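Visitor: predicted model and sequence below, questions to follow.
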Amino acid sequence: MIEERYELAVERIRVMQSENTVPEKYRDYFHQMAAFVQMIDELRTQLLKGSYQQADQKELAAWNERLYRDILGEAYETSYANPAYAVRMLGEGYGQILSFLYTELRGAIVYTFEGKTEYLDILFELLIEVYNQFEGEKVPEESAVRDTVYWYASDYCDVFTADRIREQLDPSESFAVDLILQSDLTDVRYLYQFGEYISENELGTSRHLASLSEETIQKMADVYTEGYRIGFVNTGKDLSKKSVVNIRYVLGFERVIHRAIENFRKMGLEPVIYRSGVSVLTKRQHLKVGYYGGVANKQYEYDHKDDQALFLDRRFAERKLQVMQTAYEHLKDQAAQLAGPACMEVFGEEPFAPESKGEALKLTKKQNEIMLSFDSRQSQMVNTYIPGDERSFTIIAYPVPEIGEQYEEIFDEIIKINTLDASTYERVQQTLIDALDQGTHVKILGASDNRTDLTVQLYPLKDPLKETIFENCVADVNIPVGEVFTSPVLEGTNGVLHVSKVYLNELQYKDLELTFSNGMIADYTCKNFEREMENKEYIRENVLYRHPTLPLGEFAIGTNTTAYVAAKKYGIEEKMPILIAEKMGPHFAVGDTCYSWSEDIKVYNPNGKEIVARDNSVSLKRKEDVSKAYFHCHTDITIPYEELGKIAVITKDGTEILLLENGKFVLPGTEILNEPLKNTYK
């Protein structure tokens, strides 16, 4: 039946390309949609015959460019995938709907590679249904077309959402794993078998890894998987109870991932490697969660991050939650076996500052409320089936070729940074913690043009001989080494946090400024756009994630001056990922604490002291109403050393213990951290 539906749909769409039965204004759009479907059918035929898999690299590259051509570079300006162009050509309302349809249909690319013919049937039949509505002299009511989209989302979320959950839990869903383990990773043609956009970054990464020794590849895999294992040890969680690990990475690193799979299997863990979502029903805005290739056009992704606005209402939200509940219940045994994600991130791309388009779909105030409620209930559901106090994670990052001509040298430098001696940092960081444990609050001041003036309230210790406020981070789950962090007391945490330029969740912010009152964000602004309203909306959507406010969930002092100096040496400060950047100065996370969903698990520093500052007054609300305790986000914002005037801890009697001054460590016993900084700045 699936094959029959497919043939019937493709044949109808093939005829569509030569028909003139819709008003002239919409013909070009539907003709282009029909041409896209015929290209997908051609691709599917080659995949089924095996001729695509046997093609040479030039042919594969041509296919890849052809599949993604319409959203690449200048072509996007006249693509119906661009809501601004679609509205200009098709009109307000219809333009947004048909641009959404165009974008949703593009998911057919990866579904074809995965052999998901049923998904192709669903998308092609949706296109035909919308096309039929436009046939004739009279344009359909906009509400009628919206209804078609609504029922597509509602009817098929039980397919897309349920399958998505299974892909996240079941190792037998092994499309990516099979490619990684069975391909010749010295031949870059394997990259084109995933169906993702393949840029010079993925090709260059794969070629560079192919040039590295087996010893180096094993070293990279070991630090990645060992950090994951140690994360369980340090939090007292039993890894032996788990049998599945979720590996998330960017294409090009398959040689390391292959070794990591072997390492994880020695721990008793089978990999699940699922693709980052491509449907409005499975993705989270413009963010990438899972494995993925090159991002063909970040503006395109940003333009469509809120496409759910077409159909999101309480009825749909309840429907999707019901589907999720059924799927998790059906897969509850597999869910209980998931140990958590092991993430390998990349950095080095040119920072992206998006254009804010009025034509792009936006959630209404009511839809924002529905989305926040949905996110809260979804998180509670996930935590029920995959308990937070039983899972862990690890994150590590490497550069891509786009970082510059010195890519290979920078890559080698990052390997060194990711494998720094933790014991040295452990001793120095304990010196910082010993001073911080004496304080009631910490004062942070910016230098020169940095306007930071912030007081962070600290958790009061009851037994300093057995308890501590800050965690001594020595590169387990959060690689590389180099920070001490705590969950601040919100009450009494006040002031301004400012940073001249920062890159958060793949977006750039200029002169980002957050104002805190009793630990909660009271005001915010940046200088990305000329209009203040757009600046506030940009932060509200992408830092606050539409919450009216967020708490200061973490305060930390980064100690990895080696990473900082490397960034300065190669001029890549703004390209550093937050994973490394947060170790390059004091940082402040807005959202949940580092211990969210596992605050009741006792955690100890290497010296045996229990880290007691795991909660704040917001997370404690979980004891009465868990929906009010978590925000489902945690965004780190770092002040670079050179923008830092002073960090001092203030004791109960008012004594000031100076930790850093003018960007350098001044607390006795921490001077070794200044060694890499010599000659970096005065």
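Guide: Alright, I've got the coordinates. Numbering: from 1, shown residues only.
Visitor: give me the number of residues near the nearest residue to Ala339 once chain neighbours are set aside?
Guide: Distance criterion Cβ to Cβ, 6 or more residues apart in numbering; nearest residue to Ala339, sequence neighbours excluded, is Lys242 at 3.7 Å. For the C-beta atoms, the positions are set from N, CA and C on the backbone; glycine is no exception. By other Cβ atoms under 10 Å, the residues close to Lys242 number 21.
Visitor: next secondary structure after the longest helix along the chain?
Guide: Longest helix in the chain by number of residues, with DSSP state H as the criterion: helix 142-169. Where DSSP states H and E defines the elements, the next helix or strand beyond helix 142-169 is helix 175-182.
Visitor: would you mark the buried spots in that following helix?
Guide: Judged by neighbour count using 16 or more other Cβ atoms under 10 Å, the buried positions of helix 175-182 are 175-177, 179-180.
Visitor: same list (these) but as TSV, adding pLDDT and distance to Asp147.
Guide: Formatted as TSV, those follow (pLDDT from 0 to 100; distance: Cβ to Cβ, whole Å):
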residue	pLDDT	distance to Asp147
Phe175	97	34
Ala176	97	36
Val177	98	40
Leu179	98	40
Ile180	98	42
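Visitor: which of these sits closest to Phe253?
Guide: Ile180 (9.6 Å; Cβ to Cβ).
Visitor: right, and that closest one touches Arg255 too?
Guide: No - using Cβ atoms under 8 Å, Ile180 makes no contact with Arg255, being 9.0 Å away.
Visitor: shared neighbours of these two, anything?
Guide: With contacts taken as Cβ atoms under 8 Å, 6 or more residues apart in numbering, Ile180 and Arg255 have no neighbour in common.
Visitor: would you mark the buried spots in the top strand by length along the chain?
Guide: Counting residues, the longest strand found in the chain (DSSP state E) is strand 489-504. Using 16+ other Cβ under 10 Å as the test for burial, strand 489-504 gives 489-490, 493-504.
Visitor: and it, which strands flank it?
Guide: strand 453-457 (antiparallel), strand 507-517 (antiparallel) (DSSP bridges).
Visitor: touching, Val442 and Ala648? I think so.
Guide: Yes - at 7.0 Å, Val442 and Ala648 qualify as touching, with contact defined as Cβ under 8 Å.
Visitor: who has more neighbours, these two?
Guide: Taking neighbours as other Cβ under 10 Å, Val442 and Ala648 compare with Val442 leading, 23 against 20.
Visitor: which elements pack onto the helix or strand hosting that one?
Guide: Taking DSSP H and E as the definition, Val442 sits inside strand 439-446. Here strand 439-446 touches strand 453-457, strand 489-504, strand 644-651, going by 3 or more Cβ pairs under 8 Å, 6 or more residues apart in numbering; DSSP states H and E.
Visitor: residues of the first one that come out buried?
Guide: When you say that, I think you mean strand 453-457. For strand 453-457, by 16+ other Cβ under 10 Å, it's 454, 456-457.
Visitor: next structured bit after it?
Guide: Strand 453-457 is succeeded, C-terminally, by strand 467-468 (DSSP H and E).
Visitor: distance from the chain centre to that next one, please.
Guide: 32 Å (Cα atoms, centre = their mean, to the nearest Å).
Visitor: tell me the buried residues in the helix or strand that comes right after that strand?
Guide: Downstream of strand 467-468, the next assigned helix or strand under DSSP H and E is strand 471-473. By neighbour count on 16+ other Cβ under 10 Å, the buried set for strand 471-473 is 471-473.
Visitor: closest one to Leu321 out of these, please.
Guide: When those are ranked by distance to Leu321 (Cβ to Cβ), Glu471 comes first, at 34.4 Å.
Visitor: not counting its neighbours along the chain, what's nearest that closest one?
Guide: The nearest residue in space to Glu471 (Cβ to Cβ, 6+ apart) is Ile611, at 5.0 Å.
Visitor: measure that neighbour to Gly268 for me?
Guide: According to Cβ to Cβ, to the nearest Å, Ile611 stands 28 Å off from Gly268.
Visitor: of those two, who's got more company?
Guide: Taking other Cβ under 10 Å, Ile611 and Gly268 do not tie; Ile611 has more neighbours (22 against 14).
Visitor: contacting residues for the more buried one?
Guide: 467-471, 486, 603-605.
Visitor: and those as a markdown table, adding distance to Gly236 and pLDDT?
Guide: Below are the contacts of Ile611 laid out as a markdown table (distance: Cβ to Cβ, whole Å; pLDDT from 0 to 100):
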| residue | distance to Gly236 | pLDDT |
| --- | --- | --- |
| Glu467 | 16 | 97 |
| Thr468 | 16 | 98 |
| Ile469 | 19 | 98 |
| Phe470 | 19 | 97 |
| Glu471 | 14 | 94 |
| Thr486 | 19 | 97 |
| Val603 | 8 | 89 |
| Tyr604 | 8 | 92 |
| Asn605 | 13 | 91 |
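Visitor: related to what we said a few turns ago, looking at the helices and strands packed on strand 439-446, spot the one closest to Val130.
Guide: strand 489-504 (36.8 Å).
Visitor: Gly293 contacts Tyr197, doesn't it?
Guide: Yes - checked against Cβ under 8 Å, the pair Gly293 and Tyr197 is within contact range at 5.2 Å.
Visitor: which of the two has more neighbours?
Guide: Gly293 (24 against 20).
Visitor: can you check the pLDDT for the more buried one?
Guide: Here the pLDDT value assigned to Gly293 is 97.
Visitor: identify the residue nearest it in space, chain neighbours excluded?
Guide: In space, Gly293 is closest to Glu196, 2.7 Å off (Cβ to Cβ, 6+ apart).
Visitor: the one you found: what secondary structure?
Guide: coil (DSSP: H, G, I helix; E, B strand; the rest coil).
Visitor: distance from the helix or strand harbouring Met533 to the middle of the chain?
Guide: Secondary structure assignment for Met533, by DSSP H and E: helix 532-542. Distance, stretch centre to chain centre, for helix 532-542: 19 Å (Cα atoms, centre = their mean).
Visitor: quick one: contacts for the nearest residue to Lys527 once chain neighbours are set aside?
Guide: Leaving aside its chain neighbours, Lys527 sits nearest to Asp511 (4.1 Å; criterion: Cβ to Cβ, 6+ apart). The contact partners of Asp511, by Cβ under 8 Å, 6+ apart, come to 498-501, 525-527.
Visitor: which one of those sits closest to Arg166?
Guide: Taking Cβ to Cβ as the measure, Arg166 sits nearest to Cys526 out of the contacts of Asp511, at 40.1 Å.
Visitor: over to the closest one: give its phi and psi.
Guide: Torsion angles at Cys526 (phi, psi; degrees, to the nearest 10) stand at phi -160, psi -180.
Visitor: and for it, the neighbour number?
Guide: What Cys526 shows, counting by other Cβ under 10 Å, is a neighbour count of 22.
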